[in-house]
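Novice: got a predicted structure here, sequence first:
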Amino acid sequence: MHVKRIMSASAVAAGTVGTALVGLAGPASAGVSGPAFYVDHVLYRTAATPTDLSGTGAPAHSYDAIYSFGDAQRSVAESAPGYRDYNGGRWEVHAMSLPHGYAAALASGDLDDDGVLDALDEVTAAMVAGDAVDTGIVRWFVCTVNKVPASQS
Ligand SMILES: [Ca+2]
């Protein structure tokens, strides 16, 4: 029991150090190479190990949505650090299907014609057109995110 307590304390300490280093670390550092996603045409990536929160019973409004398009393209999230409604890195992942194919979703949703759905309004436009369908929440997790430097996006 004594040993277990010491190990827990060191795990917490290591977690704190890891978090503190994220802002300084390069792209090859552990925990900074997680899945990337767009928010308002800007690429972000996870900056810590995602933690599964399914089954916690937390209210839906305490999460921000990430729309996952599988292999078609990177996901799109509705909020990010600095946004007024940001929930601190608590995410719910919505699986999207593209009933008419990716090209159709781009045709109806890629409002700025940059070849990718990379903002919430673009996802919404594709959904309104019926070219993207929210098939439900498949995952809840928590992790912090950072902007990807322009030179790496
Ligand atoms: Ca776009």
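Specialist: That came through, no problem.
Novice: for residue 39, which residues are in contact?
Specialist: When contacts are counted by C-beta atoms under 8 Å, 6 or more residues apart in numbering, residue 39 is found next to 76, 77, 78, 79, 80, 83, 119, 120. (C-beta placed from N, C-alpha, C; glycine too.)
Novice: what about the closest residue to the last one other than its chain neighbours, distance to the ion?
Specialist: What sits nearest to residue 120 in space, not counting adjacent residues and going by C-beta to C-beta, 6 or more residues apart in numbering, is residue 78, at 4.9 Å. The gap separating residue 78 from the ion is 15 Å, by C-beta to the ion, to the nearest Å.
Novice: around residue 127, how many other residues sit close by?
Specialist: Here the count is done by other C-beta atoms under 10 Å, and residue 127 has 17 residues near it.
Novice: try residue 117
Specialist: Here the number of neighbours of residue 117 (other C-beta under 10 Å) works out to 31.
Novice: which residues does it contact?
Specialist: Taking C-beta under 8 Å, 6+ apart, we find residue 117 in contact with 38, 69, 73, 76, 105, 106, 109, 110, 123, 126, 132.
Novice: with residue 54 instead?
Specialist: 139, 140, 141.
Novice: could you report the pLDDT at the second one?
Specialist: On the pLDDT scale, residue 140 is placed at 91.
Novice: sorry, back to before: return only those of the contacts of residue 117 found close to the ion.
Specialist: Among the contacts of residue 117, the residues lying close to the ion (C-beta under 5 Å from the ion) are residue 110.
Novice: now, which of the contacts of residue 117 sits nearest the ion?
Specialist: Proximity of the contacts of residue 117 to the ion was ranked by C-beta to the ion; the top entry is residue 110 with 4.4 Å.
Novice: related to what we said a few turns ago, which one of the contacts of residue 54 is nearest to the ion?
Specialist: residue 139 (24.3 Å).
Novice: C-terminal to the helix or strand harbouring that closest one, what's the next element?
Specialist: Applying DSSP states H and E as the criterion places residue 139 in strand 133-142. The element immediately downstream of strand 133-142 (helix or strand, assigned by DSSP H and E) is strand 145-147.
Novice: having no further points to raise, I will conclude here.
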